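*Asks:* Got a predicted structure here, sequence first:
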Amino acid sequence: MIEPVNGADFESVAEGTALTVVDFWADWCGPCKMQTPVLEALDVDYDGKIKFASLDVDANKVIAEQFEIMSIPALVVFKNGKPAEKVVGFHPQSALKKYLDQKLAEVAAD
């Protein structure tokens, strides 16, 4: 299950996992609504390997500004607890799976 996070618990979202993906979204965002089921399916596929979380940018503007989120949906990828990359826009499941497999390989090589 994708963990919803907010300002109070955001700092700990990437702790204890090699790879965490945080989805920055808003309720009014059509592409965000398309991205959510893709991320939910990937959460099942990568159970125990990648942690997924979601953050509503309207309710957490300070964090969205901190990560310079200008367009949504946006995924911030954390490697070993540190923000490493940002992926902006809707991406189909096959493309995100390929990308995440590459990120897992990089973490394993570190």
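*Replies:* Noted; the coordinates are in hand. Everything quoted here is computed from the prediction, not taken from an experiment. Residues are numbered from 1 along each chain as shown.
*Asks:* Tell me which other helices or strands the helix or strand hosting residue 98 touches.
*Replies:* Using DSSP states H and E, the element containing residue 98 is helix 93-109. Judged by 3 or more C-beta pairs under 8 Å, 6 or more residues apart in numbering; DSSP states H and E, helix 93-109 is in contact with strand 19-25, helix 30-45, strand 74-79, strand 82-88. Placement of C-beta: from N, CA and C, glycine included.
*Asks:* tell me what the second one is packed against?
*Replies:* In terms of contacts (3+ C-beta pairs under 8 Å, 6+ apart), helix 30-45 is packed against strand 19-25, strand 51-56, helix 93-109.
*Asks:* 10 Å instead?
*Replies:* strand 19-25, strand 51-56, strand 74-79, helix 93-109 (3 or more C-beta pairs under 10 Å, 6 or more residues apart in numbering; DSSP states H and E).
*Asks:* so which of those is the most packed in?
*Replies:* strand 19-25 (a mean of 24; mean count of other C-beta atoms under 10 Å).
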